[in-house]
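# how does the following fold in three dimensions:
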Amino acid sequence: MNYHFIAIGGSAMHNLAIALHKKGDQVSGSDDEIFEPSRSRLEKHGLLPKQLGWFPDKIGNSLDAIVLGMHAKADNPELLKAKQMGITIYSYPEFLYNQTQNKTRVVVGGSHGKTTTTAMIMHVLQENHRKFDYMVGAQLEGFETMVNFSDDADIAVFEGDEYLTSPIDLRPKFHLYKPHIGLITGIAWDHINVFPTFKNYVSQFALFADQIEHGGTLIYFGQDTELQKIAARKKQDIETIAYQTHPYRVKDGNTLLETLQGEVALQIFGEHNLQNISGAYHVCKKLGITDNEFYRAISSFKGASKRLQLLAQSKNLTVFLDFAHSPSKLKATIDAVKNQFPDKKLVACMELHTYSSLNKDFLEQYKSSMEKADAAMVFYSHHAIELKRLEPIDSKMITEAFEKKGLVVFDDAEIFKKELFFMEFQNSILLWLSSGNFEGLNLTEMAKQLVEKNS
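Residues are numbered from 1 along each chain as shown. I've put the predicted structure just below:
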């Protein structure tokens with residue numbers, strides 16, 4: 001098949017392009033900006049466009065289909081040419097569904113934990129030599145790409161994102177996958193720019209549950225009141241399974257699962273991860289994985305990129321990076337680290353980066369989210385606010401919204417960086433929390449330098 005990608009440089013899009021190229025399909029693409037690591041990875045596989053920009057001449061009769069990324073605009077000249085010529089146009093999620101129509105589809109949705117839970121399921125299946133297609137929103141150890149298709153797999157495991165499908169299809173992505181097994185980890189309001197009310201946001205998950213195929217299964221976190229309501233109104237022929245936090249104990253800074261087979265040592269920690277493990281367990285059980293197979297495999301799971309990722313460590317300082325940016329994710333991650341290392345000083349640095357987090361009307365949702373941090377910092381960029389065309393915010397608004405005693409707010413990345421290097425870290429944890437990169441700071445290199453300075 002011959003595919004052309006409009007907005008090939010996106011995180012998900014470039015991974016799909018590489019996966020199809022490796023499968024033997026012919027792939028071309030365009031974009032008006034391509035950043036690392038997409039650029040180097042596309043170049044490695046000979047898929048990097050020769051010029052940045054949009055070129056309608058690339059759209060011709062030899063193409064079997066267009067794959068349209070969310071980064072493109074509705075008036076994109078290549079898109080308009082494809083429409084004019086009547087070429088089949090797939091959004092990213094439409095393409096994934098099209099490739100897996102005859103497979104058992106597992107889709108993991110939720111406001112938090114969906115990447116990690118999807119990664120856990122993939123890890124367990126891989127460790128038990130089960131073939132499967134997949135799509136996940138982070139780079140995982142043992143998987144070259146974030147998406148993959150094959151002709152001989154009968155299972156497809158997808159992370160179900162509730163964000164919009166494409167510039168010409170404003171449905172949430174996870175409404176298009178029609179799972180046989182659907183898992184929802186929890187609901188906490190996010191994406192205020194798309195879902196202006198909590199009620200509207202919750203309704204997207206109810207619609208996702210309605211899309212589960214006849215005879216399928218809905219697996220959900222049983223302590224979430226909104227999910228309880230959704231489960232109560234599910235279709236008659238849909239099985240529901242509620243899960244809780246997996247029984248565990250913490251000993252000498254290590255988390256041990258309590259199972260019927262005995263204790264199982266983990267390489268990850270945090271109550272949310274214990275909930276994610278329970279959800280992944282029930283999915284894997286539906287796919288024929290035994291308890292012994294599951295616990296043997298999960299003991300070697302190291303987590304997904306930017307999900308409590310260990311960047312550097314010495315006897316005085318440990319540095320973690322986490323994707324947490326929404327209020328619920330922020331609080332859960334800080335609480336998890338403090339509970340795991342109660343005797344260490346926790347310094348938490350959070351970046352307001354998303355449309356929701358930089359929205360002055362949403363800031364109040366962050367109240368008490370950093371309460372367990374011993375020292376708390378918040379960074380935001382005026383440039384990011386301008387790019388997102390949002391109303392200005394200031395440090396006073398942020399301080400009042402978070403209601404965290406001693407909170408320090410920064411709007412200059414270099415000053416923020418200097419402040420961290422002025423600090424003395426003894427018996428401390430430094431936790432960076434963001435879906436961005438603190439306006440271009442090299443966090444990995446900074447972590448190494450800070451650990452060396454405080455060793």
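
# all contacts plus neighbour counts: C-alpha atoms, from now on.
Will do.

# and the helices in the stretch 1-150 of the chain, which stretches?
11-23, 38-44, 77-85, 92-99, 114-127 (DSSP state H, counting those that start in this stretch).

# in the strand or helix carrying residue 417, which residues are buried?
In the assignment (DSSP states H and E), residue 417 maps to helix 413-422. Residues 413, 416, 420 are the ones in helix 413-422 that count as buried (16 or more other CA atoms under 10 Å).

# re the thing from before, deepest-packed of the helices of the stretch 1-150 of the chain, please.
Neighbour counts (mean count of other CA atoms under 10 Å) averaged over each of those peak at helix 114-127, with a mean of 24.

# so for that helix, mean pLDDT?
The predicted model assigns helix 114-127 a mean pLDDT of 96.

# name the helices or strands packed onto it?
strand 104-109, strand 155-159, helix 271-286, helix 291-298 (3 or more CA pairs under 8 Å, 6 or more residues apart in numbering; DSSP states H and E).

# picking that back up, dump the helices of the stretch 1-150 of the chain to CSV, plus distance to residue 277.
Shown next, in CSV, are these (distance: least, CA to CA, whole Å):
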stretch, distance to residue 277
helix 11-23, 25
helix 38-44, 30
helix 77-85, 41
helix 92-99, 25
helix 114-127, 7
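
# the helices and strands packed on helix 114-127: which one's closest to residue 28?
Proximity to residue 28 (CA to CA) singles out strand 155-159 among the helices and strands packed on helix 114-127, at 24.2 Å.

# hmm, who's touching the helix or strand following the closest one?
Scanning forward in sequence from strand 155-159 by DSSP H and E, the next helix or strand is strand 164-166. Strand 164-166 is contacted from outside by 68-72, 91-93, 170-173, using CA atoms under 8 Å, 6 or more residues apart in numbering.

# sheet partners, orientation included, of strand 164-166?
Sheet pairing for strand 164-166, assigned by DSSP bridges, gives strand 169-172 (antiparallel).

# about what we covered before: of the buried residues of helix 413-422, closest to residue 320?
Closest approach between the buried residues of helix 413-422 and residue 320, by CA to CA: residue 420, at 14.3 Å.

# what does the pLDDT read for the closest one?
96.

# centre of the chain to the helix or strand of the chain with the lowest mean pLDDT, how far?
Ranking every helix and strand in the chain by mean pLDDT, DSSP states H and E puts strand 164-166 at the bottom, with a mean of 87. The chain centroid and the centroid of strand 164-166 are separated by 16 Å under CA atoms, centre = their mean, to the nearest Å.

# what's the strand ranked longest in the chain in contact with?
The strand that spans the most residues within the chain, counting by DSSP state E, is strand 345-352. Contacts with strand 345-352, where a contact means CA under 8 Å, 6+ apart, come from 325, 334, 337-338, 358, 370, 373-381, 426-436, 438.

# partners of it in the sheet?
Strand 345-352 has the following strand partners under DSSP bridges: strand 375-380 (parallel), strand 428-433 (parallel).

# from residue 349, how far out is the closest residue to residue 285 other than its chain neighbours?
Using CA to CA, 6 or more residues apart in numbering and skipping the chain neighbours, the partner closest in space to residue 285 is residue 291 (7.6 Å). Distance from residue 291 to residue 349, counting by CA to CA, to the nearest Å: 38 Å.

# between the two, which one's more packed in?
residue 349 (24 against 16; other CA atoms under 10 Å).

# now the more buried one: how far from residue 375?
Distance of residue 349 to residue 375, computed by CA to CA: 9 Å.

# for residue 263, same thing?
34 Å.

# the two - which one has more neighbours?
The residue with more neighbours, out of residue 263 and residue 375, is residue 375; 18 against 14, by other CA under 10 Å.

# burial count for the nearest residue to the more buried one once chain neighbours are set aside?
Spatial nearest neighbour of residue 375, excluding adjacent residues (CA to CA, 6+ apart): residue 347 at 4.7 Å. The number of residues packed near residue 347 is 20, by other CA under 10 Å.
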